[in-house]
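Student: What follows is a protein structure lacking sequence information:
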C-alpha cells in the first residue's frame, strides 16, 4: 500500500494590503460603483505612489477571522441594495479564489451618490 508523503514547505502570510488591493480591483470592475473619495493625505500618498486605500478597511479579530469594510459611492440611478449585494458576492468570491481565505464579513458602507442632481 502506497502512503502519501506530506512535506512542510513553511508558512504563507498574506498582508492586509494585498486583500485591500484585491478588493480595489473588484470595485474598479463593478459598474456604477467607485471607492469613496479619499482625504487629502490619501490623495497625497496616491500621488507619491504609495498604496493607501482609505475606503477599504481589512480587520482580523482575535480568532483570526477576516472582515472587510468597503466605503463606496454609487452613481445616480444605481439600485443600491442590488449593487451592494453583487459587490459583496464579488469580493467574497475574489478573496476566496485568490487567497483561499474565508471571510467572516463583507460590509458595504454607502458614502454618497455621484452624478446626482
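Tutor: That came in fine, so what should we check first? The model shown is predicted, which means the values in this text are computed figures rather than measured ones.

Student: can you list the weak-confidence ranges in this protein?
Tutor: Across the chain, the ranges flagged by pLDDT under 70 are 1-4, 37-52, 116-117.

Student: Phi and psi next, for the residue nearest the centre of the chain.
Tutor: Geometric centre of the chain, nearest residue: residue 23, 2.7 Å, by CA atoms, centre = their mean. Dihedral pair for residue 23: phi -60, psi -40, per degrees, to the nearest 10.

Student: Could I get the contacting residues of residue 111?
Tutor: By CB atoms under 8 Å, 6 or more residues apart in numbering, the residues touching residue 111 are 36, 37, 55, 71, 72, 73. All C-beta spots, glycine's among them, are computed from the backbone N, C-alpha and C.

Student: these two touch, right, the third one and residue 70?
Tutor: Yes. Applying CB atoms under 8 Å, one finds residue 55 in contact with residue 70, separated by 6.5 Å.

Student: Can you name the residues in contact with the helix ranked longest in the chain?
Tutor: Among the segments of the chain that qualify as a helix by DSSP state H, the longest is helix 80-99. If you take CB under 8 Å, 6+ apart as the criterion, helix 80-99 is touched by 14, 18-19, 22-23, 25-27, 29-30, 32-33, 66, 68, 70, 72, 74, 101-103, 106, 108, 110.

Student: neighbouring strands for the helix or strand just after it, and are they parallel or not?
Tutor: Using DSSP states H and E, the helix or strand that follows helix 80-99 in sequence is strand 103-114. Here strand 103-114 is paired, per DSSP bridges, with strand 66-75 (parallel).
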